[in-house]
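Q: Prediction below, plus the sequence it came from.
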Amino acid sequence: NYPIKRPVNYPEDYFSRVPISEEFISMVIGRLRSDDVYNQIKTFPNPEHRSTALATQAAMLYIILFFSPSTLHSQEAQMREIVDKHFPDNWVISLYMGITVNLLDSWEPYRAARTALANTLQPGNIQAQAIKYLKKVTQMNKAVEGYLTEGTLTEEYILDNISRLMSCLRECNVTLRWIILHTASIADNNRRCKQIKDEIIQMRYEPRAVFILLLNTAQFEFLLKEMFKKLLEEKQNKWEDYKKEASERMAELGEVFSGTKPLTRVEKNEHLQAWFTEMSSQINQLSYDDCTEAGRKISHLVQAVDEVQEFHQLETILQVRQYLEDTNRYLLQMLRTINIKEESLNQLEIIADLSYAWILIDSFTRYMQEGIKKKPQLVIKLRATFLKMTTALDLPLQRIHDAKSQDLISVSLYYSTELVDYIRKVLQIIPETMFSVLHQIIYILTNEMKEVPTRLEKDKMKEFAQMEERYKVAKLTHDISVLTEGILMMKTTVVGTVKIDPKKLLEDGIRKELVQQVSRALHTGLIFNPKAKTSELEPKLLALSEQMNGFLRSFEYIQDYVNIYGLKIWQE
């Protein structure tokens, strides 16, 4: 984002300090303008998603155009071609790790660029794009929640519906990208930019619904990735198992028609015996290494099994029919299994990219924290969202890795630490909420609950039982344990190069909040009135002592419920 007043001829004058061949710049612009440099169209085949597919090279093109100011100022045909290809439906772009630019503001000083962008910024187009994506939020939430229903994403379902699932993920991520970028406060000092953003927000934009879509999409991606990894690991073993089963069934049918293996109502048939034996041999010869050839042969074998069943009236013999159906099922499973490729997992990584929201994600922090307070189990979906954010790390690390630079570890550690700090910030709401509940427990334990003496007269049992107060404490303690359970559900998670242990995260959060609470108590409790006639020191120290004692007692009380060493933390 630019400051309020942008320097004249910036950044083109700044870039011109290092002279670069005009011909070279022209060739680079021409290549980025016309080609799909990173082969992303294959990952986003839908024409509606073209601007997302070309987003990385569009960001590069935006920067390189400043090395050729004449193109921005006077080359209207070139600029119109660039806008029509890269910016027909978007005007807010992400450059690198959350650095975003509004083209309306950035290209205002350049006549050709401004004129070319005018088509995209026509009120009709803005309204059409906003309505399209805002409608999709509801549609995609419904679709993804259907997939996330327990028992839907089975191995068989994924193998049969890879294309449909990937298409759904593309729609979700493209929708999230457009809405998050175009509703963010970018270049709000420009009146027209702010006006367009406000118009989009007024078109039934619901940030909470967008946040839910982000959570659902992240969880959906996480489950798919895990299933894909598992399927790829087991791919060869499963393929060999299915091949063995199909081959054995064909061999057994060959024996049945030879007349040596008794089976009711099956007469000897040498032709069928030879055919089934040959089929068993062909299935055994299928090679896992040549996927394309194996896939074609399996399709022919499935067709052959169907035909033999039909021509020889074999469906009337139940046992034979069952064997043939089993063989077909195993052959189809082989076909599905061999179609699982590493490429699908790579495409999933590209589709899931969230680098554009590295900074903008902070606008959802409030909804994350509110959701955790209402429903601590939300941390499970938040874990998937944090893992989705790690996809942003690929952007700065890819070229460093390709160059085999020694900076890979330090850069990776920097961004991983940044992300872990953000996760701590979001999850700090759990210790904060715990302490607000703890205050109520402290008050009841300090002011309402009577300490049960060592010896107690029978008549006073009811008086010391204090059922109502004990029920309140039990309910509040349960609330704290539910919050703790929420964070512990997150499991140990590797974020980039940093491992997050949820128990340690909870303990650190509690320490931080305890320090703040004790500091606040000392600060407010030890303020004296200089005009007081009697000494305030002793009563204030006594009140502070009561408060600290309340902290200690409540920590001792809840430490077992939150699975931490409360007394140890207190003493430290």
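A: Received, thanks.
Q: Quick check: Gly295 vs Tyr10, distance?
A: Noted for Gly295: a distance of 57 Å to Tyr10, by C-beta to C-beta, to the nearest Å. Backbone N, C-alpha and C define where each C-beta goes, glycine included.
Q: and the longest helix for this protein?
A: With secondary structure taken from DSSP state H, the chain has its longest helix at helix 207-258.
Q: show me what contacts Ile29?
A: Contacts here follow C-beta atoms under 8 Å, 6 or more residues apart in numbering; on that basis Ile29 touches Leu61, Ile64, Leu65, Ser68, Thr71, Gln78.
Q: Revised request: answer the last question for Met368.
A: Met368 makes contact with Phe211, Leu378, Leu382, Val426, Ile429 under the criterion C-beta under 8 Å, 6+ apart.
Q: all strands for this structure, in order.
A: Taking DSSP state E to define them, one finds strands in the chain at 92-96, 99-102, 493-495, 498-500.
Q: list the buried ones in the last one?
A: Read it as strand 498-500. Val498, Ile500 (16 or more other C-beta atoms under 10 Å).
Q: and if you look at stretch 428-438?
A: In stretch 428-438, the ones that count as buried by 16+ other C-beta under 10 Å are Gln428, Ile429, Ile430, Pro431, Glu432, Thr433, Met434, Phe435, Val437, Leu438.
Q: next one: stretch 204-213
A: Going by neighbour count (16+ other C-beta under 10 Å), the buried part of stretch 204-213 is Tyr205, Val210, Phe211, Ile212, Leu213.
Q: from the residues you listed, which has minimum pLDDT?
A: Within the set of the buried residues of stretch 204-213, pLDDT is lowest for Tyr205 (90).
Q: re the thing from before, state the pair within the contacts of Met368 that is farthest apart.
A: Largest separation among those by C-beta to C-beta: Phe211 and Ile429, giving 14.8 Å.
Q: Return the helix or strand in the chain with minimum mean pLDDT.
A: Across the helices and strands of the chain, mean confidence by mean pLDDT, DSSP states H and E is lowest for helix 461-465: a mean of 63.
Q: where do the helices sit along the stretch 251-400 of the chain?
A: Under the criterion DSSP state H, counting those that start in this stretch, the stretch 251-400 of the chain contains helices at 270-285, 291-311, 318-338, 342-351, 365-374, 379-389, 394-402.
Q: so what does the first one touch, helix or strand wise?
A: To tie it back to what came earlier, the one meant is helix 270-285. Helix 270-285 makes packing contacts with helix 207-258, helix 291-311 when contacts are defined by 3 or more C-beta pairs under 8 Å, 6 or more residues apart in numbering; DSSP states H and E.
Q: among the ones you listed, which is the most enclosed?
A: Looking across the helices and strands packed on helix 270-285 with neighbours counted as mean count of other C-beta atoms under 10 Å, the highest average goes to helix 207-258: a mean of 19.
Q: Just want the angle from that helix to helix 270-285.
A: Angle between the axes of helix 207-258 and helix 270-285 is 140 degrees (criterion: axes from the mean of the first three to the mean of the last three C-alpha atoms, to 10 degrees).
Q: which helices and strands does helix 207-258 pack with?
A: In this structure, helix 207-258 packs against helix 123-148, helix 155-160, helix 162-182, helix 270-285, helix 318-338, helix 342-351, helix 365-374, helix 379-389, with contacts taken as 3+ C-beta pairs under 8 Å, 6+ apart.
Q: What's the separation between the nearest residue to Ile510 once chain neighbours are set aside and Thr138?
A: Closest residue to Ile510 apart from its sequence neighbours, by C-beta to C-beta, 6 or more residues apart in numbering: Pro431 at 4.9 Å. When distances are taken as C-beta to C-beta, Pro431 and Thr138 turn out to be 35 Å apart.
Q: try Pro88
A: Distance of Pro88 to Thr138, computed by C-beta to C-beta: 24 Å.
Q: what's the answer for Glu370, then?
A: The span separating Glu370 from Thr138 equals 21 Å under the rule C-beta to C-beta.
Q: Same check on Leu397?
A: Going from Leu397 to Thr138 by C-beta to C-beta gives 36 Å.
Q: still on that earlier bit, same list (the strands of the chain) but as TSV, adding distance to Thr337 and mean pLDDT.
A: Converted to TSV, the strands of the chain look like this (distance: least, C-beta to C-beta, whole Å; pLDDT from 0 to 100):
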stretch	distance to Thr337	mean pLDDT
strand 92-96	38	91
strand 99-102	43	91
strand 493-495	29	68
strand 498-500	33	74
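Q: Ok, which of the helices and strands packed on helix 207-258 comes nearest Phe24?
A: Proximity of these to Phe24 was assessed by C-beta to C-beta; the nearest stretch is helix 342-351, lying at 28.8 Å.
Q: which residues are in contact with the closest one?
A: Residues external to helix 342-351 that are found in contact with it (C-beta under 8 Å, 6+ apart): 40, 43-44, 162, 166, 169-170, 173, 221, 224-225, 228-229, 232, 391, 394.
Q: which among those residues gets closest to Met548?
A: Each of the contacts of helix 342-351 was checked against Met548 using C-beta to C-beta; the closest is Thr391, at 46.2 Å.
Q: Skipping adjacent residues, who's closest to Val302 in space?
A: What sits nearest to Val302 in space, not counting adjacent residues and going by C-beta to C-beta, 6+ apart, is Leu331, at 5.1 Å.
Q: can you count the residues close to that neighbour?
A: The tally of other residues near Leu331 (other C-beta atoms under 10 Å) stands at 23.
Q: And Asn237, how close does it get to Met250?
A: Separation of Asn237 from Met250 (C-beta to C-beta): 21 Å.
Q: Could you do Leu427 as well?
A: The gap separating Leu427 from Met250 is 57 Å, by C-beta to C-beta.
Q: next one: Leu445
A: With distances taken as C-beta to C-beta, Leu445 is found 76 Å from Met250.
Q: what do you get for Met60?
A: Taking C-beta to C-beta as the measure, Met60 and Met250 are separated by 56 Å.
Q: now swap in Leu61 and tell me
A: Leu61 sits 58 Å away from Met250, going by C-beta to C-beta.
Q: C-alpha coordinates for stretch 197-204, PDB please?
A: The C-alpha coordinates for stretch 197-204 follow below in PDB (Å, rounded to 0.1, in the frame of the first residue of the first chain):
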ATOM      1  CA  LYS A 197     -15.100  -1.500  -1.800                       C
ATOM      2  CA  ASP A 198     -18.100  -0.100   0.200                       C
ATOM      3  CA  GLU A 199     -20.400  -0.900  -2.700                       C
ATOM      4  CA  ILE A 200     -19.300  -4.600  -2.700                       C
ATOM      5  CA  ILE A 201     -19.700  -4.800   1.100                       C
ATOM      6  CA  GLN A 202     -23.200  -3.400   0.900                       C
ATOM      7  CA  MET A 203     -24.200  -6.200  -1.600                       C
ATOM      8  CA  ARG A 204     -25.100  -8.700   1.200                       C
END
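Q: For that stretch, buried residues please.
A: For stretch 197-204, the buried set under the neighbour-count rule, 16+ other C-beta under 10 Å, comprises Lys197, Ile200.
Q: Residue numbering should commence at 23 henceforth.
A: Taking 23 as the first residue, the last one we looked at is stretch 219-226.
Q: Can you list the neighbours in contact with it?
A: For stretch 219-226, the external contacting residues (C-beta under 8 Å, 6+ apart) are Ile148, Gln149, Ala152, Ile153, Leu156, His204, Thr205, Ala206, Ser207, Ile208, Asp210.
Q: Check these for the minimum pLDDT and say which it is.
A: Sorting those by confidence puts Asp210 at the bottom, with a pLDDT of 77.
Q: Now for that one: which residues touch it?
A: Asp210 makes contacts with Lys216, Lys219, as judged by C-beta under 8 Å, 6+ apart.
Q: and it, how far is that from Asn147?
A: Taking C-beta to C-beta as the criterion, Asp210 is separated from Asn147 by 21 Å.
Q: Please apply the same query to Lys154.
A: Where Asn147 is concerned, Lys154 sits at a distance of 11 Å (C-beta to C-beta).
Q: Poorly predicted segments of the stretch 323-472 of the chain, please.
A: By pLDDT under 70, the weakly predicted segments of the stretch 323-472 of the chain are 332-340, 470-472.
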